[in-house]
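1. Here's a sequence, model it:
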Amino acid sequence: MTAEAPIWTPHPLLPAPTEAQQLAMLALPDGASALADYYAKREKLIKLAEDDPFSYGMEPDHWRDTDELSAKDILLLIIFGGNRAGKSEYAAKRIVQDAHANPDSVCFCFHENEKASIGLQQKYIWRYLPLSVKQLEGKTHPVYKVRYTQANGFTDGKIVLPNRSEIYFLTYGQKPGSFEGLELGAKKARGKLGCWADENMPLPWFNMLKLRLASRSAKLLWTYTPVNGITPVIKEVLGSTAKTVKSLPAELLADRVNIPGLPIGHMPYVVEPYMSKARVIYFHSRLNPFGDHYRNIKSFCEGRPSEYIERRAYGFARDVGQRAFPYFGPWNIIKREHLPATGTNYMFTDPAGARNWATLWVRVAPGNPPKLYIYRDWPQEQKYGEWAVPTERDTTEDARKGWDGDPGPAQNSLGFGIVQYKRLFLDEERITMRTGNTSEGDPYRAAIEEAWRSDLALAGGVEAEVMGVKFQEEIFARYIDPRAGKNQHAADKGGTCLVDEMQREQRNQGAEVIGPAMQFRLASGVDVREGMTTINELLFWNKDEPLTPLTNEPRLFVSEDCRQVIWAMQNYTGLGGETGASKDFIDLVRYMALGQLRHVDPTARVVTGGGSY
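-> Below you'll find the model as predicted:
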């Protein structure tokens, strides 16, 4: 190259040609002209991207991955980011793009305090406004309002675009109730962004925003660097059963299994969390090609513990909130169709007068030692809502309430008595023959249904109702909370206990059986600590080795339909004592673990309990 060689402006997404490449071009006919033209166009593009990032800004590949997640039918997109990973740049640009493209939009931008809002969110929003909007700064107009200074942000914490779209800048210290009635998102387009929440969003704001976003099917974009770990809201959304859809190599943690189930040296990238209408993407610091930030972060992480590196460089924080079942994870959650087709069914229930009876069903598969599969819970979240919800109060070591959740709508009593609960249990266990090609899902029930079809064919189409017991799951034994089961209560004919009442038939005035006899055993009432230990024994597997059937896997699994059980297992700490709302289902799992349940060969089975009507 000559002394007159051009100086190429560095740019991570537009690498300059090497000296060898430039010499090769210069050797071609008209090469000097072609090289000069390429240089001019490249320099112009870099200048345009800097001056007008809204129209010309260049975007890294992981932004496209994030757009693909945002395009899904979801409510919430979380971007966990390492330090200087570019998550705020992405959020600001997408908020501005949606507000600019969709008239009459309303968007909220949240930060922890006003200073952070001005110095971070508002600065980025201003950066990504179109030049045509920036040129309106300070002008008076009956529609738009664009007044910004770097020192004070947007006047009144608000900007109104010429298309009447509004962007509000708020803090979590404000009261959610002050904004009731506002509809967030685009007025005439569904599925657009309605809110950008940055860093530590409290639960009351999260709950309010879900309502405000719903009317326009708008979406919440949440950016968070988990320097201080998992927050209550993230714990609620992510859960301990989040499924990693895609992982990426982690240069700074390359020689270890960082997350069970992922390849050696990988960290999560795209995740499907517990909350069904949410997606999560991790912006690893190395993915941000702009600036020299990653080199600095690598130096900060040198010699640091792995947990520090996970948070700072990969935006990943582990749930260290004193969970009682740290080995409960996505590997324990199975699809309904993966339940065992062969097994012995048991039922456990926890009666209460002021709330519904928490109940679960478990199937013990053949094997030694046997595996246990919780395949149904009641009241189902899908029908009755949550049994327990995250608390909105502050929890401390001294404040017992709230540690294990607050009561949810599923606890509200339906006013059932003995007869209604007997009918409920049998209805849940009843198998209805399906028509057409619809699938039962549960292989155990599907096998029974297929047997009915064969019997009906052999019987020449006899009505299914005459076949009686074949239409019920076979429950080998039923168990009841030992305290509630022995409690005396008023009955029609003198004092008795729930076990006696469940075992007795109830008849109407016409002497018809309306409450069939149903035998219950008292569940084990041994020390709570022993029960918790037994649950953890069922959950244990060596996380330092691959998850392998038979040789290295847990023995307790839960159908994905059993969301009450899953939430309890994810969130229970035991610190809430008797006040914890998730304790009821944990008690049932504890009784199950202590019950020494076994698979009984059907050819030798003697059924205790059951019943029909």
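2. got a pLDDT number for Tyr613?
-> Per-residue confidence at Tyr613 stands at 38 (pLDDT).
3. ranges for the helices of the stretch 51-200 of the chain?
-> 53-56, 61-70, 87-101, 114-116, 123-128, 131-134 (DSSP state H, counting those that start in this stretch).
4. Sorry, slip of the keys, the one I care about is the stretch 451-600 of the chain.
-> In the stretch 451-600 of the chain, the helices defined using DSSP H, counting those that start in this stretch lie at 482-486, 498-503, 528-539, 563-571, 583-594.
5. Could I get the CA-only coordinates of the third one as PDB?
-> In PDB, the C-alpha atoms belonging to helix 528-539 read as follows (Å, rounded to 0.1, in the frame of the first residue of the first chain):
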ATOM      1  CA  VAL A 528     -41.800 -33.600  58.700                       C
ATOM      2  CA  ARG A 529     -38.000 -33.600  58.300                       C
ATOM      3  CA  GLU A 530     -38.000 -37.300  57.600                       C
ATOM      4  CA  GLY A 531     -40.700 -36.900  54.900                       C
ATOM      5  CA  MET A 532     -38.700 -34.100  53.200                       C
ATOM      6  CA  THR A 533     -35.600 -36.200  53.200                       C
ATOM      7  CA  THR A 534     -37.500 -39.100  51.600                       C
ATOM      8  CA  ILE A 535     -38.800 -36.700  48.800                       C
ATOM      9  CA  ASN A 536     -35.300 -35.500  48.100                       C
ATOM     10  CA  GLU A 537     -34.100 -39.200  47.900                       C
ATOM     11  CA  LEU A 538     -36.700 -39.800  45.200                       C
ATOM     12  CA  LEU A 539     -35.500 -36.700  43.400                       C
END
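6. Could you list every helix and strand in contact with it?
-> Other elements packing on helix 528-539 under the criterion 3 or more CB pairs under 8 Å, 6 or more residues apart in numbering; DSSP states H and E are strand 556-559, helix 583-594. Glycine gets a C-beta too; all of them are placed from N, C-alpha and C.
7. Quick one: mean pLDDT over it.
-> 89.
8. In contact with Thr223, which residues are there?
-> Residues in contact with Thr223 (CB atoms under 8 Å, 6 or more residues apart in numbering) are Ile78, Ile79, Gly81, Lys87, Ser88, Tyr90, Ala91, Trp196, Ala197, Asp198, Glu199.
9. For the stretch 201-350 of the chain, which segments count as helices?
-> Using DSSP H, counting those that start in this stretch, the helices of the stretch 201-350 of the chain run over 203-214, 232-238, 293-301, 306-314.
10. if I look at the nearest residue to Lys158 once chain neighbours are set aside, how far off is Tyr224?
-> Leaving aside its chain neighbours, Lys158 sits nearest to Tyr168 (5.4 Å; criterion: CB to CB, 6 or more residues apart in numbering). Separation of Tyr168 from Tyr224 (CB to CB, to the nearest Å): 20 Å.
11. Looking at the two now, which is surrounded by more residues?
-> Tyr224 (22 against 19; other CB atoms under 10 Å).
12. Distance-wise, check that one relative to Ile418.
-> 49 Å.
13. all strands for the stretch 1-150 of the chain, in order.
-> Assigned by DSSP state E, counting those that start in this stretch, the stretch 1-150 of the chain shows strands spanning 76-81, 106-111, 148-149.
14. mind checking which of the ones you listed is nearest Phe585?
-> Between Phe585 and the strands of the stretch 1-150 of the chain, the shortest separation by CB to CB is 25.3 Å, and it involves strand 76-81.
15. mind listing what the closest one pairs with, with the direction of each?
-> Using DSSP bridges, the strands paired with strand 76-81 are strand 219-224 (parallel), strand 278-283 (parallel).
16. Buried residues of that strand, list them for me.
-> Leu76, Leu77, Ile78, Ile79, Phe80, Gly81 (16 or more other CB atoms under 10 Å).
17. which stretches of the stretch 201-350 of the chain have low pLDDT?
-> Along the stretch 201-350 of the chain, the parts satisfying pLDDT under 70 run over 240, 319-321.
18. residue closest to the middle of this structure?
-> Centrality entry for the chain: nearest residue to the mean C-alpha point is Tyr274, 2.4 Å, by CA atoms, centre = their mean.
19. check contacts around it.
-> Counted by CB under 8 Å, 6+ apart, Tyr274 has contacts Glu236, Val237, Leu238, Gly239, Ser240, Thr241, Ala242, Ile566, Trp567, Gln570.
20. May I see the strands of the stretch 1-150 of the chain organised as a markdown table, with distance to Phe425 and mean pLDDT added?
-> Listed next are the strands of the stretch 1-150 of the chain as a markdown table, based on distance: least, CB to CB, whole Å; pLDDT from 0 to 100:
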| stretch | distance to Phe425 | mean pLDDT |
| --- | --- | --- |
| strand 76-81 | 36 | 95 |
| strand 106-111 | 46 | 96 |
| strand 148-149 | 64 | 96 |
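21. follow-up on the earlier one: adding distance to Ser306, write the contacts of Thr223 out as CSV.
-> Below are the contacts of Thr223 laid out as CSV (distance: CB to CB, whole Å):
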residue, distance to Ser306
Ile78, 22
Ile79, 22
Gly81, 18
Lys87, 22
Ser88, 26
Tyr90, 27
Ala91, 28
Trp196, 31
Ala197, 28
Asp198, 26
Glu199, 23
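22. Which of the residues you listed sits closest to Lys41?
-> Tyr90 (26.4 Å).
23. residue ranges with poor pLDDT in this protein?
-> Along the chain, the model assigns pLDDT under 70 to residues 1-4, 240, 319-321, 393-400, 434-439, 455-470, 487-495, 526, 604-613.
24. Can you give the domain ranges for it?
-> As assigned by automatic domain parsing, the chain contains the domains 77-314, 330-430+472-604, 439-471.
25. Could you tell me which residues make contact with the residue lying closest to Asn152 once chain neighbours are set aside?
-> Computed as CB to CB, 6+ apart, the closest residue to Asn152 that is not its neighbour in sequence is Ile118, at 6.6 Å. When contacts are counted by CB under 8 Å, 6+ apart, Ile118 touches Ala151, Asn152, Gly153, Phe169.
26. Now the two most distant members of those.
-> Pairwise distances across the contacts of Ile118 peak at 14.6 Å for Ala151 and Phe169 (criterion: CB to CB).
27. Which of the two has more residues huddled nearby?
-> More neighbours surround Phe169 than the other of Ala151 and Phe169, with 22 against 7 (other CB under 10 Å).
28. my read: that one touches Ser117, true?
-> Yes: between Phe169 and Ser117 there is a contact at 5.1 Å, judged by CB atoms under 8 Å.
29. shared neighbours, those two?
-> Residues touching both Phe169 and Ser117 (CB under 8 Å, 6+ apart): Cys109, His111, Gly153, Gly157.
30. Surely the last one and Leu170 touch.
-> Right, Gly157. Yes: the pair Gly157 / Leu170 is scored as a contact, 7.0 Å apart, by CB under 8 Å.
31. Neighbour count for these two, which is higher?
-> The residue with more neighbours, out of Gly157 and Leu170, is Leu170; 21 against 17, by other CB under 10 Å.
32. what bridges to the more buried one?
-> Beta-bridge partners of Leu170, as defined by DSSP bridges: Phe110.
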